[in-house]
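1. build me a model:
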Amino acid sequence: MGTTEYEEDRAFVLEALLEDGKQATLKSYSETGDRWDPVISYTDYTVQILDVDYTVYEIDGDRVKREDKKVYIAAEGVAVVPKISDKIVINSITYNIKDIMPFIPGDVVVFWVVQVRK
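-> Purely as a prediction, here's the structure:
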C-alpha cells in the first residue's frame with residue numbers, strides 16, 4: 001500500500017520543523033479552586049517550532065502588528081493542545097498567544113499556526 005499525499009505532506013512538514021526548527025516552551029494555563037478566587041498555574045511542555053516574522057502584506061497594524069511572530073508548532077509528540085490563554089517562551093522571551101489555527105489536511109492535526117505577541 002503506497003503513501004497518500006497527506007502522509008507525504010505530513011512527513012515534509014515534520015521534517016522541516018525538526019531540521020530547521022528549534023525547541024521552545026509552551027506554558028499551558030490552568031485554573032483550579034474557587035471560581036471567584038482561582039489558583040492560576042502554568043505547566044511547561046517542550047515543543048518543536050519554526051518562528052517567522054509576518055510579511056508586510058500580512059501586517060495590518062491592528063489584528064497583526066509589526067512585532068508579532070508567526071509560530072508553527074509541531075503537533076506530533078505534544079501532550080497538550082495550545083490555547084489562547086497559554087504562553088510560549090522562545091529564546092528566553094515570553095510571548096502571549098493571540099490566535100491559533102490548526103493545520104489538518106487529513107483527520108489529524110499536523111501543526112498549529114500560532115500568532116504571538118510580547
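2. which residue comes closest to residue 41 once chain neighbours are left out?
-> Leaving aside its sequence neighbours, residue 41 sits nearest to residue 30 (C-beta to C-beta, 6 or more residues apart in numbering; 5.7 Å). (Glycine included, C-beta is placed from N, CA and C.)
3. no no, residue 75
-> With sequence-adjacent residues excluded and distances taken as C-beta to C-beta, 6+ apart, residue 75 is closest to residue 109, at 4.4 Å.
4. likewise residue 16?
-> Leaving aside its sequence neighbours, residue 16 sits nearest to residue 50 (C-beta to C-beta, 6+ apart; 7.0 Å).
5. relative to residue 20, how far out is the one you found?
-> 6 Å (C-beta to C-beta, to the nearest Å).
6. the more surrounded of the two?
-> residue 50 (20 against 9; other C-beta atoms under 10 Å).
7. hmm, the residue nearest to residue 41 is touching residue 43, no?
-> Yes - in this structure residue 30 lies within contact range of residue 43 using C-beta atoms under 8 Å: 6.7 Å.
8. in this protein, which ranges drop under the pLDDT threshold?
-> 1-6, 9-10 (pLDDT under 70).
9. tell me which residues touch residue 42, please.
-> The contact partners of residue 42, taken as C-beta atoms under 8 Å, 6 or more residues apart in numbering, are 27, 28, 29, 30, 86, 87.
10. go through the one helix or strand the fourth one maps to and flag the buried ones.
-> Counting by DSSP states H and E, the secondary-structure element that holds residue 30 is strand 22-32. When burial is assessed from 16 or more other C-beta atoms under 10 Å, strand 22-32 yields the following buried residues: 24, 25, 26, 27, 28.
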